[in-house]
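**Student:** no FASTA, just this:
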């Protein structure tokens, strides 16, 4: 399940890609499949071990056009271990809302992006996020939780202040908003709640089987209640 549109970002064969705050690695895997050299950066060693394992499986399955180029790296968003202008494209998906010094993290991302390179940043959309915060303080008030809710113009202003030009935006994952509202209502950690399990099954069905009717419903709802805001930028 991708949040970033790789065609809009301009990911191409041979491009140097940074997935900053890669988590489970979903965007990094797609970049590898497209023939990019990928650095998947995160602070969580367990997540990085999982990424390394999956990439090895992709290599064995012949899914990597140029082999395993790049790899997982442990590092901080506030002090990226790379030289200036290292990357052609950068993805930071659902990360900035966790970082107190988000301006510092954005400055680091811009530093390691080459002039003319593209950056895609995704954060939770404001009003679905406000609903989750209102239903359950536990949703955000926990170690590693969300520390802010962005308005779109606030995120864009931070990116522009760091030297990036706006290149468009969209919303994604509308069907995930009700899922999180249900989790908040039933208890964020109560994975056995029946409404949560049933709705989770629906989302898995969509991701695995890609039913056209359900995808059409989500596309129609994305501008209204998309869980994620995606902003595309270019370094001046």
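**Tutor:** The structure has been received and is ready for your questions. For clarity, every value in this text was computed on a predicted model and none was experimentally measured.

**Student:** C-alpha only now, for contacts and for neighbours.
**Tutor:** Noted.

**Student:** Verify the assumption that residue 68 is located in a helix.
**Tutor:** No - Residue 68 is assigned coil when assessed by DSSP: H, G, I helix; E, B strand; the rest coil, not a helix.

**Student:** Give me the most central residue, this structure.
**Tutor:** residue 93 (2.0 Å; Cα atoms, centre = their mean).

**Student:** how close does residue 38 get to residue 175?
**Tutor:** As judged by Cα to Cα, to the nearest Å, residue 38 and residue 175 stand 29 Å apart.

**Student:** of the two, who's got more company?
**Tutor:** Neighbour tally, residue 38 and residue 175, criterion other Cα atoms under 10 Å: the higher count belongs to residue 38, 26 against 22.

**Student:** Do a quick rundown of the strands in this protein.
**Tutor:** In the chain, the strands defined using DSSP state E lie at 16-20, 37-42, 70-74, 87-93, 113-124, 164-172, 228-235.

**Student:** how about JSON lines for those, with distance to residue 212 and mean pLDDT added?
**Tutor:** Putting those into JSON lines (distance: least, Cα to Cα, whole Å; pLDDT from 0 to 100) gives the following:
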{"stretch": "strand 16-20", "distance to residue 212": "29", "mean pLDDT": "98"}
{"stretch": "strand 37-42", "distance to residue 212": "31", "mean pLDDT": "98"}
{"stretch": "strand 70-74", "distance to residue 212": "34", "mean pLDDT": "96"}
{"stretch": "strand 87-93", "distance to residue 212": "25", "mean pLDDT": "98"}
{"stretch": "strand 113-124", "distance to residue 212": "25", "mean pLDDT": "98"}
{"stretch": "strand 164-172", "distance to residue 212": "16", "mean pLDDT": "98"}
{"stretch": "strand 228-235", "distance to residue 212": "21", "mean pLDDT": "98"}
